[in-house]
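[1] A structural model of the following input is requested.
(one chain, ligands or ions: 1)
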Amino acid sequence: MKWEYKVSEPYNLTNEEAINAIEKNMPLAGTYTVLTEALHMAIKALRKQEPVKPTTERTRYGEAYDCNVCNCGLEPYNNYCPNCGQRIDWTEG
Ligand SMILES: [Zn+2]
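    You can find the predicted model right below:
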């Protein structure tokens, strides 16, 4: 294993740093297929934790929100998309 990152202990990695570390150390294509699949699952799970802003549409009833990942309808109290599990960023701007 090659760890090319200099992080200070105790390795409080951000999700992005963890994803980069996994991707840089991914087994070669065609080898360790179970491990490779598990690592891709971990990357997908880490990306779900990164808040993504919803899309906003104006309708005649007010504003409607959709998940930017799967287009599922969202309610403003959904901190996570009920369909795909993406964390939702409701902050303004
Ligand atoms: Zn979604």
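[2] Centre-most residue in this protein?
    Geometric centre of the chain, nearest residue: R47, 1.5 Å, by CA atoms, centre = their mean.
[3] Could you report the distance from that one to the ion?
    To the ion, R47 is 12 Å away according to CB to the ion, to the nearest Å. (Each C-beta comes from the backbone N, C-alpha and C, glycine too.)
[4] list the buried ones in the helix or strand that contains that residue?
    R47 belongs to helix 33-48 when assigned by DSSP states H and E. Using 16 or more other CB atoms under 10 Å as the test for burial, helix 33-48 gives 39, 43, 46, 48.
[5] ok, now which ones touch the closest residue in space to the third one that isn't next to it in sequence?
    Beyond its immediate neighbours in the sequence, the residue positioned closest to L46 (CB to CB, 6 or more residues apart in numbering) is N15, lying 4.5 Å away. Under the criterion of CB atoms under 8 Å, 6 or more residues apart in numbering, the contact partners of N15 comprise 46-47, 49-50.
[6] will you turn these into JSON lines that also has distance to N71?
    Converted to JSON lines, these look like this (distance: CB to CB, whole Å):
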{"residue": "L46", "distance to N71": "22"}
{"residue": "R47", "distance to N71": "17"}
{"residue": "Q49", "distance to N71": "20"}
{"residue": "E50", "distance to N71": "18"}
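[7] any chance of those in JSON lines, with distance to E23 and pLDDT too?
    Shown next, in JSON lines, are the contacts of N15 (distance: CB to CB, whole Å; pLDDT from 0 to 100):
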{"residue": "L46", "distance to E23": "11", "pLDDT": "97"}
{"residue": "R47", "distance to E23": "12", "pLDDT": "96"}
{"residue": "Q49", "distance to E23": "16", "pLDDT": "96"}
{"residue": "E50", "distance to E23": "15", "pLDDT": "95"}
